[in-house]
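Visitor: pasting the sequence and the predicted coordinates here, then a few questions.
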Amino acid sequence: MITRQANDLDFVDFDKGKAILIDKSLDKSSFHVVYKIRKATGVKKVGHAGTLDPRATGLLIVCTGKKTKDINNFQAQEKTYTGVITLGKKTLSMDTETEFIEEKGIAGINEDDIFRVRDFFLGEILQVPPMYSAVKFKGKSLYKYARKGLEVKREARTVTLSEFNLTKVDLPDVYFEIKCSKGTYIRVIADDFGERLGCGGYLSALRRTRIGQYNVDDAFTINEFVSILGRPDLAESQMENQPAASI
């Protein structure tokens, strides 16, 4: 059983194994969440089922003890994201982690163009993992090479978008909801989206709302979790633990 409510934590044997839903804060790494839960529970064996970038918020499934054997099953499930693609600018990281490297006008681009480009991404597509990612090359994450200005050749992978809904167009911002397969990089979709429109684009906001049947609405914040376990010393500051802005 997955842990989603406060009373689920009563008399829990975290070493025996639990899966916990966490609503990750902005600018915190997935490893940071794992570290906090490891410290709060006192269990050494803790892992997460699918990385969320620091600039993304939302649902992270964290498994402890013997439950870590189920991580691959959670990772394989379909993910749902909401977010914003901002057109007219590009960044190396394809999101807000790095500075702008290119800027173009968006004059002449209209909603018809945007919906036409959206249709290209539905179904199976090929996607090259970004350099700013945790994908390993010779035992090191690609982002470590990227931060040194190095480029590594990456092979394209097949991913699937079962849904790509445009919920609002307020140029230069395009609001969306995407349901996709394991291994999909939403940042790459944002970058490719801008390229196909000829103006560039980057991911300016991202929130993971679902993994399979599990919903972020049922998740704990880190502060809620450590408070329930009697570890207020592990709480994040009020500013750090602010909920994400609505997308």
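Guide: Thanks, I have it. Numbers count the residues shown, from 1 in each chain.

Visitor: and the residue nearest to the spatial centre of the chain, which of the three is it?
Guide: With distances taken as Cα atoms, centre = their mean, Leu52 lies nearest the centre of the chain, 3.4 Å away. Recorded secondary structure, Leu52: coil (DSSP: H, G, I helix; E, B strand; the rest coil).

Visitor: and for Glu177?
Guide: Taking three-state DSSP, the label given to Glu177 is strand.

Visitor: wait, it touches Tyr81, no?
Guide: Yes: using Cβ atoms under 8 Å, Glu177 is in contact with Tyr81, at 7.1 Å. Bear in mind the C-beta positions are built from the backbone N, C-alpha and C, glycine included.

Visitor: now the common contact residues for the two.
Guide: The contact sets of Glu177 and Tyr81 overlap at Thr209 (Cβ atoms under 8 Å, 6 or more residues apart in numbering).

Visitor: SS state for the residue nearest to Thr68 when sequence neighbours are not counted?
Guide: Among residues not flanking Thr68 along the chain, Gly47 sits closest, at 4.9 Å (Cβ to Cβ, 6 or more residues apart in numbering). Three-state call for Gly47 (three-state DSSP): strand.

Visitor: tell me what Gly47 is bridged to.
Guide: For Gly47, the beta-bridge assignment (DSSP bridges) gives partners Cys63.

Visitor: what pLDDT does the residue of the chain most remote from its centre get?
Guide: For the chain, the residue at maximal distance from the C-alpha centroid (Cα atoms, centre = their mean) is Gly108, at 31.5 Å. Looking at Gly108, its pLDDT is 90.

Visitor: ok so, going back, in terms of neighbours, single out the busier of Glu177 and Tyr81.
Guide: A count of neighbours by other Cβ atoms under 10 Å puts Tyr81 above the other of Glu177 and Tyr81, at 23 against 16.
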